[in-house]
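**Student:** When you get a sec, could you give me coordinates for this:
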Amino acid sequence: MQTTTEKRSSTVRRGAAGLAFAAAVAALVAGAASAPAVAADAPPAPSYDFSDCPDIPAGVDAASWKCEVLTATGPLTLGSRSIPELAPMTITHAEGPMPDGSAGQVWGAMRSAPATVPGGLLGNTADQNATDRNAADHNPLSALSLQPEYGGRSDFYPAGDTMGLFTMRFRVVSPLLPHGCVIGADKPVELHLKRDGDSEWVSKNPPVIKFVAYDDAFTAPAAEGCGPLGKLVNDRFGLPAAAGNAITLNAQYTFKTYDQLPPRA
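**Tutor:** All right, here's what the predicted structure looks like:
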C-alpha cells in the first residue's frame, strides 16, 4: 500500500503554527462538561504504533508529556466529487507543559494512503450506472485516487465554536497524472473542525477515546501541477469550489506519557 510520511520536530506554544491534528482531542476531552461515556459492548481496542513520537523539548518533565497517536477516516466531498470513505490516516504528536508553564506541542507525523474517487478520471458519476462506475474505478488508466497529506500548519487550541485549525493537501493519484498533481499545493485546504457529539471511551487500558469532527464550510482550491490534464482534473472535481465541500472524521486516539515509552536511540 502506498503511504506518505511527513515528519519534523518543532516546539510551539499557544497560537503557534505546526500543531498536529491529534491535539484536537485534548481540547475535546478537556472542554467537555463531563467525562466521556464508556462505550457499551466495546470491541477490543486497536493496537497503536508509537514509533513516530517526536522528541520533546529539553528540560521538560517526561512524565507530564504525552505522545498521542490518532487514527481517522470518514467521507470527503471536494467540489462535485465525493469519496464515501477515506483510507485511514494516522497522526502523531506530543504535548505537555513547557518549563514556564505554557502549553507546548511537537508535531510528529501523518501517514495516509490513497482512496478511490468513484467514476475515475474520465467518468461522470451523475451520468453513470453502478456497472459503468465500477468499470471506470478499475480501469488501469483512468483510475483516480486522492491521498490526504499534512498541509504544514495547524493550531488546535479551541477558537470560538471550532476545535482549531488543520491544513491539508490532497494528492491526485492516477497513471495519467504527474506525482506533483495536488489540490492545495500552494495554498492548503484550511479545516476549522467542529465537534459532533461527545467523546466516548473505547478502552481504559490502554486508554482509547473516540470522537467525531466535521467541517462543511471550507474552500477547496484548484489542483495544481497536473500537467496537460490539469483542466480535466479541475473540471472533474468542480474546482475551485467555494461551497459544497465537506469532511467528517471518525477518529480514535490513544496516548502514553514519555516516561512510559522506550528510550529513544
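**Student:** Output the contacting helices and strands for the helix or strand harbouring residue 91.
**Tutor:** If you go by DSSP states H and E, residue 91 is part of strand 89-97. Contacts defined by 3 or more Cβ pairs under 8 Å, 6 or more residues apart in numbering; DSSP states H and E place strand 89-97 against helix 23-30, strand 66-73, strand 103-112. Every residue, glycine included, has its C-beta placed from N, CA and C.
**Student:** go with 6 Å
**Tutor:** Counting contacts by 3 or more Cβ pairs under 6 Å, 6 or more residues apart in numbering; DSSP states H and E, strand 89-97 is packed against strand 66-73, strand 103-112.
**Student:** Okay, buried residues for that strand please.
**Tutor:** 89-96 (16 or more other Cβ atoms under 10 Å).
**Student:** Show me which of those is closest to residue 176.
**Tutor:** Of all the buried residues of strand 89-97, residue 89 has the smallest distance to residue 176: 25.2 Å, by Cβ to Cβ.
**Student:** Settle this for me: the closest one is touching residue 112, isn't it.
**Tutor:** Yes - with contact taken as Cβ atoms under 6 Å, residue 89 and residue 112 are classed as touching, separated by 4.7 Å.
**Student:** can you list residues touching both of those two?
**Tutor:** Contact criterion Cβ atoms under 6 Å, 6 or more residues apart in numbering; residues shared by residue 89 and residue 112: residue 148.
**Student:** what about the strands in the stretch 1-150 of the chain?
**Tutor:** Secondary structure of the stretch 1-150 of the chain (DSSP state E, counting those that start in this stretch): strands at 4-7, 11-12, 37-38, 66-73, 76-78, 81-83, 89-97, 103-112, 115-116, 145-155.
**Student:** Quick check, pLDDT for the closest residue to residue 64 other than its chain neighbours.
**Tutor:** Once flanking residues are discounted, residue 64 sits nearest to residue 96: 4.9 Å by Cβ to Cβ, 6 or more residues apart in numbering. pLDDT recorded at residue 96 is 91.
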